[in-house]
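J.: take this sequence and fold it.
(chains A and B)
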Amino acid sequence: MSRRSGGGSVERAQRPAVSVSDLVKSYGDVVALEVEDLEIPAGQSVVLVGHNGSGKSTLLNLIAGTLDASDGEVKVRGHAPDSVEARAQRSWLPDTPVLYDDLSVQEHLEYTVRMHGGDGDEEVIDQLIDDLGLRGREDDLPSQFSRGLRQKTAAAVALCRPFSLLLVDEPFVGLDASGRQAFLDLLADAHEAGATLMVATHDPVVLDRFERGLVLDDGEIIHDGPASGLSKFLSADTAHREG
Amino acid sequence: MGTVAWGDLAYRVYTTALAVLVLTVFASGLVGDSRLDAEQASAVADVGPVWAGLMVAVALLTGVRSGIRSGPLALEAADVHHLLLAPLDRSRMLRTPAVSMIAYSAAGAAAVGGLAGELFSQRLPGESTAWIASGALFGATVAVLVLGSAMLTASRRLRRPIPEVTALALLAWSVADLFGGVPAGPLTHLGRIAFWPIRFEGWPLIGVGATALIAVAGVVLVGGLSVEAARRRTQLVGQLRFAVTQQDLRSVLLLRRQLAAERPRHRPLVRRLPAGLGRQLPVLSRDLQSLLRWPTVRMVRVTLLVVAAALALRATYTGTTPLILVAGILTYVAALDAIEPLAQEVDHPTMLTSYPRPQGLILVHHVVAPVLVMLVVGGVGVGVVAAIEPSTDVLVLGAITVLSGAFGAVAGASISVVSEVQVGDTNPAMFSPEVAGPRVVIRTLWPPMVSVIGLIPVLMAQRSMRAGDDIVRPAIAGASIAIALAALVFTWVRYRADLHATMAASMRGETT
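T.: Residues are numbered from 1 along each chain as shown, chains lettered A, B, ... in the order given. Next comes the predicted model:
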């Protein structure tokens, strides 16, 4: 079991990574998301597509425990999303990098690892700094970085800790070609090590890297199937936006 | 930006004066314990101007630093975009807001100076009206000097290092005046104005004249300011005003730091902390890393605030009781800086909720480093007071007060920072005015009040000293009360989210 896949194999075999039932998120009269039933088996890689406002980020935020459900239930490995147990299993990379203003890249990674019970001097930290092209910037403050470098730092923070479920929202925004490739490789490594992936993206090129695809529209899942057949939905999404 | 809104200006001066009047009546009632004799008054006339001059020097340096960033004027974004880029004389356009700002600030500072004069008259010889008048003149002069220097600096007519070097030289001169052996500096002479009722000297008026000239030059030349800096300033000042209206102290602090271009040190003072500390106490280790990145200006500010608080407490102990409020507010403001690591955690809930540990436990671990900071700077404050008045009493009472004051100030700052976090579905915007009003008052007053309670050992020692009793025992009793209150606050920090969750569940009829 790799450091980046914290779930035990027995637990993984028994419990789905994510289970959702009768889930509703609404703001006043506006229903942002309504999902009757959804189960993501442990170890599966899932891509979420849909136009802006379709509910992808809302679904990920509900699983991440950063939004409260208006109705229904979300479970992460059988636990409530804001429980300590769920937090130990899940790593969350939101679309906007969230980083402290007063810590360097290296200090972010050490602190995150230690808060998850590690020593803070793991090889994985050095490896991530190299893989994401942050070598030479590890002692700098990300609060003074460009958007792309902040995104790389946030990715490193999300990947440095143990997890069995990785949630990622629009990961490629602001990344250059090498950063994007490096991040895709790291996602593949995490999946290979047994982690469940849920990634929301508008990028059609990466779809075939995932096993399963969910298409959302106006807060509902309108398609659930193999990821390889999702390109047509992204084309429709483009037409929808242009129309 | 066309004309000076004299009506608006008069109203603002009127409301400020009214507030100061109320404060004066309140504060005057609290003072008046013991009048100084002629010898003590003479000593005040010797030393007072030096301290007043030092205060002016610090204010002047602050003004010059503001001018470097195109302050103190805060223009509307549209004014910068449409008027400053128009083919018009910028100095003429900016003259009106510049004059308004100086006039209002001078009036406000005169009111505050008058209040200080009234307080001085309670313990020093001289007519109350003379003290109020000299205090008002001193206050107005300082305000005009600071703003005029800032505008002159912003005009970029003086090449870049000249304003800072001049302000720093004046500050150094004022510091040297404290130790004697050098001719009195120009700002010490200016400080004599505040003490005219006990020793009148005419030639500080030259300083008043020079101040007026600097202000006129600043107003006439302010059009030379940098448009780039003005644009940046407009955005921050707009957010700052909004944060103030929302009583969002944390945002005010962050925006003020951005306005002052106050960034964490690029390289920490100590490159690597012991790995063992990080393994055993990750939160404390993280917080110490953060503190080691403090910029020099923040270190100096926090130290000066606490030293000023220590001096105010010394005056409290010797008879000016209301100064304990000033000391409490100063330590509270210093603690708001010291508590930055906790505030960072609160500002980034996504990070906080990602750690597999109870959130309240993480938050309460963040108060350790700020308490250590306050203990260290508190020690500096006691050292300064002991240097002025070497005695065992100062050291013993100082040690007790530093301990309780550090806990009280950090507890007060913790309330302020943590209560910014909205828990559950509570939306303050939905509260009725009857609930929202008192809530705002409590949220604004309670944190500094906790900080003031942390300094209560000085007050209890003062009472015992007057009765001729031992001062240590009551001081320890006061410290115990303050530390117990701080412990309650930290318990609230630890369990606040859990309590809200339990209450919300019980309101929904769920059982846990």
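J.: now A:A158. Nearest residue, chain neighbours left out?
T.: A:L93 (4.0 Å; C-beta to C-beta, 6 or more residues apart in numbering or on different chains). Backbone N, C-alpha and C define where each C-beta goes, glycine included.
J.: list the contacts for that neighbour?
T.: A:L93 is in contact with A:154-155, A:158, A:166-169, A:171, counting by C-beta atoms under 8 Å, 6 or more residues apart in numbering or on different chains.
J.: and for B:R69?
T.: Residues counted as contacts of B:R69 (C-beta under 8 Å, 6+ apart) are B:229, B:232-233, B:259-261.
J.: and residue 66, helix, strand or coil?
T.: Picking chain A for this. coil (DSSP: H, G, I helix; E, B strand; the rest coil).
J.: and A:Q181, how many residues sit next to it?
T.: As a burial measure, A:Q181 scores 11 neighbours (other C-beta atoms under 10 Å in any protein chain shown).
J.: quick check: the gap between it and B:S70.
T.: Counting by C-beta to C-beta, to the nearest Å, the gap from A:Q181 to B:S70 is 43 Å.
J.: mind putting the contacts of B:R69 in CSV, secondary structure, neighbour count and distance to B:V58 included?
T.: Below are these laid out as CSV (DSSP: H, G, I helix; E, B strand; the rest coil; neighbours: other C-beta atoms under 10 Å in any protein chain shown; distance: C-beta to C-beta, whole Å):
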residue, secondary structure, neighbour count, distance to B:V58
B:A229, helix, 17, 23
B:R232, helix, 17, 25
B:R233, helix, 26, 22
B:L259, helix, 19, 18
B:A260, coil, 19, 14
B:A261, coil, 13, 18
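J.: identify, from those residues, the entry nearest to B:V297.
T.: Distance to B:V297, by C-beta to C-beta, is smallest for B:A260 among the contacts of B:R69, at 7.5 Å.
J.: show me the contacts for the nearest residue in space to B:G238 that is not next to it in sequence.
T.: Nearest non-adjacent residue to B:G238, counting by C-beta to C-beta, 6+ apart: B:A77, 6.8 Å away. Shown in contact with B:A77 (C-beta under 8 Å, 6+ apart): B:231, B:234-235, B:238.
J.: can you list those residues in CSV and add pLDDT and neighbour count?
T.: Below are these laid out as CSV (pLDDT from 0 to 100; neighbours: other C-beta atoms under 10 Å in any protein chain shown):
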residue, pLDDT, neighbour count
B:R231, 79, 15
B:T234, 78, 20
B:Q235, 74, 14
B:G238, 73, 14
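J.: neighbours around residue 172, how many?
T.: Since you didn't name a chain, this refers to chain A. 19.
J.: sorry, should have said chain B
T.: B:A172 is flanked by 13 other residues according to other C-beta under 10 Å.
J.: from the chain's centre, how far out does the helix or strand harbouring it sit?
T.: Per DSSP states H and E, B:A172 falls inside helix B:161-179. Here the centre of helix B:161-179 is set off from its chain's centre by 21 Å, with C-alpha atoms, centre = their mean, to the nearest Å.
J.: could you export that helix as CSV, CA atoms only?
T.: C-alpha atoms of helix B:161-179 as CSV (Å, rounded to 0.1, in the frame of the first residue of the first chain):
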residue,chain,number,x,y,z
PRO,B,161,15.7,57.8,0.4
ILE,B,162,15.5,61.5,1.6
PRO,B,163,12.1,61.4,3.4
GLU,B,164,12.8,58.0,5.1
VAL,B,165,16.3,58.9,6.1
THR,B,166,15.1,62.2,7.6
ALA,B,167,12.3,60.6,9.5
LEU,B,168,14.6,57.9,10.8
ALA,B,169,17.2,60.5,11.8
LEU,B,170,14.6,62.4,13.7
LEU,B,171,13.5,59.2,15.4
ALA,B,172,17.1,58.3,16.3
TRP,B,173,17.5,61.9,17.7
SER,B,174,14.4,61.5,19.9
VAL,B,175,15.6,58.1,21.2
ALA,B,176,19.0,59.7,22.0
ASP,B,177,17.2,62.5,23.9
LEU,B,178,15.8,59.8,26.2
PHE,B,179,19.2,59.0,27.4
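J.: which residues touch it?
T.: Residues outside helix B:161-179 that contact it (C-beta under 8 Å, 6+ apart): B:50-51, B:53-54, B:56-58, B:60-61, B:63-65, B:67-68, B:149, B:152-153, B:182, B:184-188.
J.: list the buried residues in that helix.
T.: Across helix B:161-179, burial judged by 16 or more other C-beta atoms under 10 Å in any protein chain shown covers B:163-164, B:166-167, B:170-171, B:173-174, B:176-177.
J.: what pLDDT does B:L84 get?
T.: pLDDT for B:L84: 79.
J.: just to revisit the earlier point, and of the buried residues of helix B:161-179, the nearest to chain A?
T.: B:E164 (23.4 Å; C-beta to the nearest C-beta).
J.: residues in the stretch 151-300 of chain B within reach of chain A, list them.
T.: Within reach of chain A by C-beta under 8 Å from any C-beta of the partner chain, the stretch 151-300 of chain B has these residues: B:263-264, B:266-268, B:275, B:278-279, B:282-283, B:285-286, B:289-290, B:293.
J.: for those, pick the one with the most neighbours.
T.: Within those, most neighbours by other C-beta under 10 Å means B:R286, with 29 neighbours.
J.: show me what contacts that one?
T.: Shown in contact with B:R286 (C-beta under 8 Å, 6+ apart): A:103, A:107, A:111, B:278, B:341.
J.: can you tell me which of those are classed as buried?
T.: Buried among these (16+ other C-beta under 10 Å): A:103, A:107, A:111, B:278, B:341.
J.: residue ranges with poor pLDDT in the stretch 401-512 of chain B?
T.: By pLDDT under 70, the low-scoring segments of the stretch 401-512 of chain B are B:422-438, B:508-512.
J.: ok, then the element right after the longest helix seen in chain A?
T.: Across chain A, the helix with the greatest residue count (assigned by DSSP state H) is helix A:177-192. Using DSSP H and E, the helix or strand that follows helix A:177-192 towards the C-terminus is strand A:196-200.
J.: quick check: mean pLDDT of that following strand?
T.: Computed over strand A:196-200, the mean pLDDT rounds to 96.
J.: and chain B, what are its domains?
T.: Domain assignment for chain B by automatic domain parsing gives B:36-225, B:278-507.
J.: compute the first-to-last residue distance for the first one.
T.: The reference is to domain B:36-225. This stretch, domain B:36-225, spans 49 Å end to end (C-alpha to C-alpha, to the nearest Å).
J.: quick one: distance of it to the chain centre.
T.: That offset, for domain B:36-225, works out to 17 Å (C-alpha atoms, centre = their mean).
J.: and chain A, which residues reach chain B?
T.: A:65-66, A:68, A:82, A:84-85, A:87-88, A:90-92, A:94, A:98-104, A:107, A:110-112, A:114-117, A:119-121, A:139-141, A:143-144.
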